[in-house]
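Peer 1: let me see the structure of the following:
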Amino acid sequence: MKTLLFDIDGTLIITNDTGTRAIEAVLSENFGVATPNLDIKFGGRTDNSLIKEVLHLNAIIPSEANYSGFIEAYRKKLPASLNELGGAVLPGVLELLRRLGERDDLRCAVMTGNLKETATQKLRHFGLLDHFDLIFGGDFDEDRRHLARRTALFLRGAHGHQVGDGTIVIGDTPADIACGLDINATVLGVCTGNFDRQTLTQAGAHLVHSDLSDVEAIYRWLTS
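Peer 2: Below is the predicted model:
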């Protein structure tokens, strides 16, 4: 069975910086940071690496207790941030997922740098959760390539998935493309994040679209 691995932020949805707002709230309310420092690059990262960098930048001891406490607080604050700031499902996403869901020879899953729980919160908030069988999150890996390898190992162990069955990674950053190539997947890049067609092509994407709105063409390519 072919497996399609979708990124979330910038690929399926935009969230109006809800994650950033929730992180700022954790720093100020839970860790007493008067002026949170979030001078970091978010795109293509895992939350595991982001949270560790946030702790460092804000002079918080990077202990296991602080890391775990930060994650727990972040999980609790994100839903309120989503409700306050909202966001949107990107063009073509719902129709494409509905059509893919009609196939019994495809497995639609999420592979994201988000924590698994916060990924679930985002997908549920935007009405996308039921379109996916599995969610692979950035809880344990600082490098997206390691996340991809962990995902591939799980699929092979739990579902007997082999390279020959076909894997396609869909994402909006060079990191999405790199992790897809690392597991010998085919990669579809979309320019709905912060990177243009040239950048995604140079990173190695096999196909690049402006967004997912050309549903018929993208559906044919994903299912061929």
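Peer 1: what about the closest residue to Ser28 other than its chain neighbours, how many residues nearby?
Peer 2: Leaving aside its chain neighbours, Ser28 sits nearest to Pro36 (6.1 Å; criterion: CB to CB, 6 or more residues apart in numbering). Quick note: C-beta positions are derived from backbone N, CA and C, even for glycine. A total of 17 residues lie near Pro36 under the criterion other CB atoms under 10 Å.
Peer 1: can you classify Pro36 by secondary structure?
Peer 2: Following DSSP: H, G, I helix; E, B strand; the rest coil, we place Pro36 in the coil state.
Peer 1: Arg21 is in contact with that one, correct?
Peer 2: No - look at Pro36 against Arg21 with CB atoms under 8 Å: they stay out of range, at 10.4 Å.
Peer 1: how about the strands in this structure?
Peer 2: Taking DSSP state E to define them, one finds strands in the chain at 2-6, 13-14, 88-89, 106-111, 134-136, 167-171, 186-190, 207-209.
Peer 1: out of the ones you listed, deepest packed?
Peer 2: strand 167-171 (a mean of 27; mean count of other CB atoms under 10 Å).
Peer 1: what lies in contact with that one?
Peer 2: Strand 167-171 is contacted from outside by 2-7, 10-11, 111, 148, 152, 155, 161, 176-177, 179-180, 183-190, 222, using CB atoms under 8 Å, 6 or more residues apart in numbering.
Peer 1: quick check: which helices or strands does the lengthiest helix in the chain pack against?
Peer 2: Counting by DSSP state H, the longest helix found in the chain is helix 64-85. When contacts are defined as 3 or more CB pairs under 8 Å, 6 or more residues apart in numbering; DSSP states H and E, helix 64-85 sits against helix 18-25, helix 47-57, helix 116-125.
Peer 1: per-domain residue ranges of this structure.
Peer 2: Domain ranges of the chain: 2-15+87-223, 18-85, per automatic domain parsing.
Peer 1: so which of those domains is the most surrounded?
Peer 2: Counting by mean count of other CB under 10 Å, domain 2-15+87-223 has the highest mean neighbour count of the domains of the chain, with a mean of 19.
Peer 1: so for it, mean pLDDT?
Peer 2: Here domain 2-15+87-223 scores 96 as its mean pLDDT.
Peer 1: now Gly87. Nearest residue, chain neighbours left out?
Peer 2: Thr15 (3.9 Å).
Peer 1: revised request: answer the last question for Val163.
Peer 2: Nearest non-adjacent residue to Val163, counting by CB to CB, 6+ apart: Asn184, 5.4 Å away.
Peer 1: what of Val33?
Peer 2: The nearest residue in space to Val33 (CB to CB, 6+ apart) is Leu27, at 4.1 Å.
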